[in-house]
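Peer 1: Show me how the following folds:
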Amino acid sequence: AKPTPPADTTRPARRDSAIVFRPAAPGDTVHQARPAAPRPAPVQRDTAPVTPPPAATSGYAVQVAAPADAYTANDFARRLKALGYEARVVPEGGRYKVRTQVYSQRPDAAIALEKLRATFGDAFLVRD
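Peer 2: Next up, the predicted model:
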């Protein structure tokens, strides 16, 4: 006959449970340290930084307003930015001209002009 292991005196056995823990030897525990799982190898990514194409230094822009005061010009610029466009305020000839970014190709500027006319009815193309 098999010898019966000593009873667990640290906690009472639950009779309503299907599984009862009884250590095989004093000091045995349920929670034993598992070996650490190996870490997956890091995914190699293209580490070259993504740089946007250089902004055009000359070309076409859409001018949406030319108020006489900077406060109103900044308000127009804020509205232009809210539509997702880059906004610039160009002080020129006593006015504050609110323009989009410079487009190197006229057709690109014309597309922006078409879209912006819905909000800024007096918008027009300028050579920048």
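
Peer 1: Can you tell me which helices and strands the host helix or strand of residue 78 packs against?
Peer 2: Secondary-structure assignment from DSSP states H and E places residue 78 in helix 70-82. Applying 3 or more CB pairs under 8 Å, 6 or more residues apart in numbering; DSSP states H and E, we find helix 70-82 packed against strand 60-65, strand 87-92, strand 95-100. Quick note: C-beta positions are derived from backbone N, CA and C, even for glycine.

Peer 1: got TSV for those strands, with distance to residue 125, mean pLDDT and mean neighbour count too?
Peer 2: Shown next, in TSV, are the helices and strands packed on helix 70-82 (distance: least, CB to CB, whole Å; pLDDT from 0 to 100; neighbours: other CB atoms under 10 Å):
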stretch	distance to residue 125	mean pLDDT	mean neighbour count
strand 60-65	6	96	23
strand 87-92	15	95	15
strand 95-100	10	96	21
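
Peer 1: Ok, which of those comes nearest residue 118?
Peer 2: Of all the helices and strands packed on helix 70-82, the one in closest proximity to residue 118, counting by CB to CB, is strand 60-65 (11.5 Å).

Peer 1: so what secondary structure elements neighbour the closest one?
Peer 2: The contact analysis (3+ CB pairs under 8 Å, 6+ apart) places strand 60-65 against helix 70-82, strand 95-100, helix 106-116, strand 124-127.

Peer 1: before we move on, back to that, can the helices and strands packed on helix 70-82 go into TSV with extra columns for distance to residue 121?
Peer 2: As requested, the helices and strands packed on helix 70-82 are exported to TSV (distance: least, CB to CB, whole Å):
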stretch	distance to residue 121
strand 60-65	10
strand 87-92	17
strand 95-100	14
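
Peer 1: closest one to residue 73 among those strands?
Peer 2: Using CB to CB, the helices and strands packed on helix 70-82 put strand 95-100 closest to residue 73, at 3.4 Å.

Peer 1: Tell me what angle the helix holding residue 78 forms with helix 106-116.
Peer 2: Between the axes of helix 70-82 and helix 106-116, defined by axes from the mean of the first three to the mean of the last three CA atoms, to 10 degrees, the angle is 100 degrees.
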